[in-house]
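A.B. asks: Okay, sequence plus prediction incoming.
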Amino acid sequence: MDPATDRHDPASRRVVPAAPSTVDFHSHTARSDGLLEPLELARAAREAGVRLLSITDHDTLAGYRELRAASGDEVLAGLDLLPGVELNAVMGDRPELIESEVHVLGLGVDPDDDAFEGVLQRQRGERRVRFGRMVDRLRAIGLPVDSALADVPPAGDDDALGRPTLARAMITLGYAESVEDAFRRFLSRGRPAYVPRGGLGPIEAISAIRAARGVPSLAHFSEAPERRDLMTELIEAGLQGLETYHGSFDAPTVARLHALAGELRLLETGGTDFHGDRETYAEAHARLWVPPKVEATLREALARDRDQVAGTLRAPRVA
């Protein structure tokens, strides 16, 4: 069953939140492939009851840094920020995996680590090259998006370009009905405008996050129980967490991932994975349940490095 459909079905096995979640360790802003500006997302999260938020934009910490700089804004009152990032890690030719890649969240990374910022800059560079090649492919098949992209605010060096921007341009021009439609027909592996991703592999991604004193957690990998070989490989490389609570997971999926995390002694993480194309933040948050113990164990893991906890977990209040 399609999780995106399942979670709207009253008769489904969806997760019923026990209470509003006070944490969200997976969200996106306009600095990568989300629609909201960082301050807009922070406001929406706080209004929904979130008290600890991690913006995990792809390959950039720009959203977190914007909020840290705005730490005196009343929107951020009562809201703690955890620096985070999502790295799309390339697995080579692995047809059994979606687009031959896995996504690794880096939670609690040091936002001022120059070496890690260098890694992110290289990732963003790979994204720009890929983005341009996909624009060329769309043009070659008679679906130019240049006019729609001209209306998009120019991406800065700290912004991470991605396919959702192309998909939204295609919607504007009438080439697609939704982001999902654009991906399904044009932008996914095997489709006419698809270009393979370049950049870090998962072991490199995990190593970079650990070097930046963060906790690497495998994101939205619902097939983890069936991929013990890969899980073992990643754990040996330093993987510390598994996203067991995700906006698209139904109750049986959560139960399976929770059991696996316990068996493999992985930290559990969870979040909305909010982007903004389908729904408001409040709607995405209403489906999310991340038990309080998840926050507690993650804080404990980060606190093992005293230098780390002093500069991250309590921002913006002490940033």
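C.D. replies: All right, it came through fine. Numbers count the residues shown, from 1 in each chain.
A.B. asks: pretty sure Leu288 contacts Thr272?
C.D. replies: Yes - counting by CB atoms under 8 Å, Thr272 is a contact partner of Leu288 at 5.2 Å. Using the backbone N, CA and C atoms, a C-beta is placed for each residue, glycine as well.
A.B. asks: Between these two, which contacts overlap?
C.D. replies: Residues touching both Leu288 and Thr272 (CB atoms under 8 Å, 6 or more residues apart in numbering) are 24, 247.
A.B. asks: Next, the contact list for Arg122, please.
C.D. replies: Gly199.
A.B. asks: That one belongs to a helix?
C.D. replies: Yes - Arg122: assigned to a helix according to DSSP: H, G, I helix; E, B strand; the rest coil.
A.B. asks: Let me see the backbone angles for Leu87.
C.D. replies: Per-residue torsions, Leu87: phi -110, psi 120 (degrees, to the nearest 10).
A.B. asks: Ok, Val102 next?
C.D. replies: Dihedral pair for Val102: phi -130, psi 160, per degrees, to the nearest 10.
A.B. asks: So for Leu288 and Thr272, which sits in the more crowded spot?
C.D. replies: Between Leu288 and Thr272, counted using other CB atoms under 10 Å, the more crowded position is Thr272 (28 against 24).
A.B. asks: Name the nearest residue to that one, ignoring sequence neighbours.
C.D. replies: Closest residue in space to Thr272, ignoring its immediate chain neighbours: Ala284 at 4.3 Å, by CB to CB, 6 or more residues apart in numbering.
A.B. asks: Quick check: which ranges of this structure have low pLDDT?
C.D. replies: Judged by pLDDT under 70, the chain has its weakly predicted residues at 1-14, 93-96, 153-155, 305-319.
A.B. asks: before we move on, back to that, packing partners of the strand or helix carrying the residue nearest to Thr272?
C.D. replies: Element membership of Ala284, judged by DSSP states H and E, is helix 281-286. Packed against helix 281-286 by the contact rule (3 or more CB pairs under 8 Å, 6 or more residues apart in numbering; DSSP states H and E) you find helix 38-47.
A.B. asks: mind listing what's buried in the helix it packs on?
C.D. replies: 38-46 (16 or more other CB atoms under 10 Å).
A.B. asks: Residues contacting the helix or strand that comes right after it, please?
C.D. replies: Using DSSP H and E, the next helix or strand after helix 38-47 towards the C-terminus is strand 52-53. Residues outside strand 52-53 that contact it (CB under 8 Å, 6+ apart) are 22-24, 27, 41-42, 45-46, 79-82, 295.
A.B. asks: and the gap between Leu53 and Leu41?
C.D. replies: For Leu53, the distance to Leu41 equals 8 Å [CB to CB, to the nearest Å].
A.B. asks: now the strands for this protein?
C.D. replies: For the chain, strands defined by DSSP state E occupy the ranges 23-24, 52-53, 80-81, 84-90, 101-107, 215-218, 241-246, 267-271.
A.B. asks: And these: which comes nearest Arg124?
C.D. replies: Minimum separation from Arg124 across the strands of the chain (CB to CB) falls at strand 84-90, 11.2 Å.
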